[in-house]
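**Q** Output the structure for:
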Amino acid sequence: MFEDAPSGFIAAMQLLNKLPQELIAILSHVVLDSIQKPNTPLQLDEVASRLDDDAIFTPVELATMAHAVSHVYQEATRLQADPAQLTAGLRQLGAAVCSTGTVKVLAYVWNERKEQSTKAQTNPVPTLVDWHLALSVSVESKRVKDLSKASVTTALTLSDGRAVNFDMEARQFKALLAALREMDQALAVAS
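**A** Take a look at the predicted model:
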């Protein structure tokens, strides 16, 4: 079932085993909400806020675990697997990759949400087709402090034909760039 898993999937599943079962369930519901409602962003704040102070998971690790859970449920949806088939597929990964507790939680949540996921498959999440960035500098403004202010204009084209355009202030772009660098480092480690 998971033969074609993306790189980093095994490591993310092993990391997922370290979460308490309650948080795996919450993460599963958050992921399925995002899959079933394509315009709903992945909200990991609830999971992050419930982590013990002792538990040290970076935002990248949390996102990596969410993507692994997403792959599990997308694969189950694609194969129209029932909870028993999902359980068997996860057990084939081995206990070191996916603990018994993790398997039980993922299968339980799947049992609760399978029907909704199968319906949502008819409306797949669009993918990014094109991404353009342009640097803009304001040369006119009613307020002096806004003159020569730099911003980044972003244009995204999605596979469903939609175009999304927005501007980011320099600080927002720098935060995005830092997050992309962090994700690139995580991908390099996971690969």
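**Q** Do a quick rundown of the strands in the chain.
**A** 128-137, 150-158, 163-169 (DSSP state E).
**Q** so which of the ones you listed is the most packed in?
**A** Sort the strands of the chain by mean neighbour count, taking mean count of other Cβ atoms under 10 Å, and strand 150-158 sits at the top with a mean of 15. In short, each C-beta sits where N, CA and C put it, glycine included.
**Q** just checking, what packs against that strand?
**A** strand 128-137, strand 163-169, helix 170-190 (3 or more Cβ pairs under 8 Å, 6 or more residues apart in numbering; DSSP states H and E).
**Q** So what's the gap between that strand and the chain middle?
**A** 21 Å (Cα atoms, centre = their mean, to the nearest Å).
**Q** picking up where we left off before, if we compare the strands of the chain, which one ends up closest to residue 45?
**A** Closest to residue 45 of these, according to Cβ to Cβ: strand 163-169, at 20.8 Å.
**Q** Check the gap between the most centrally placed residue in the chain and residue 167 for me.
**A** Nearest to the mean C-alpha position of the chain, by Cα atoms, centre = their mean, lies residue 67 at 4.6 Å. For residue 67, the distance to residue 167 (Cβ to Cβ, to the nearest Å) stands at 28 Å.
**Q** Is it possible to get JSON lines of the strands of the chain that adds mean pLDDT?
**A** Shown next, in JSON lines, are the strands of the chain (pLDDT from 0 to 100):
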{"stretch": "strand 128-137", "mean pLDDT": "84"}
{"stretch": "strand 150-158", "mean pLDDT": "85"}
{"stretch": "strand 163-169", "mean pLDDT": "86"}
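**Q** want to try JSON lines for the ones you listed, with distance to residue 13 as columns?
**A** As requested, the strands of the chain are exported to JSON lines (distance: least, Cβ to Cβ, whole Å):
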{"stretch": "strand 128-137", "distance to residue 13": "25"}
{"stretch": "strand 150-158", "distance to residue 13": "29"}
{"stretch": "strand 163-169", "distance to residue 13": "32"}
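**Q** Out of the ones you listed, flag the one nearest residue 48.
**A** Across those, residue 48 has its closest neighbour in strand 163-169 (23.3 Å, Cβ to Cβ).
**Q** The closest one to strand 150-158, inter-axis angle?
**A** Angle, strand 163-169 to strand 150-158, by axes from the mean of the first three to the mean of the last three Cα atoms, to 10 degrees: 160 degrees.
**Q** Could you tell me which residues within the lowest-mean-pLDDT helix or strand in the chain count as buried?
**A** Ranking every helix and strand in the chain by mean pLDDT, DSSP states H and E puts helix 45-50 at the bottom, with a mean of 77. Using 16 or more other Cβ atoms under 10 Å as the test for burial, helix 45-50 gives residue 47.
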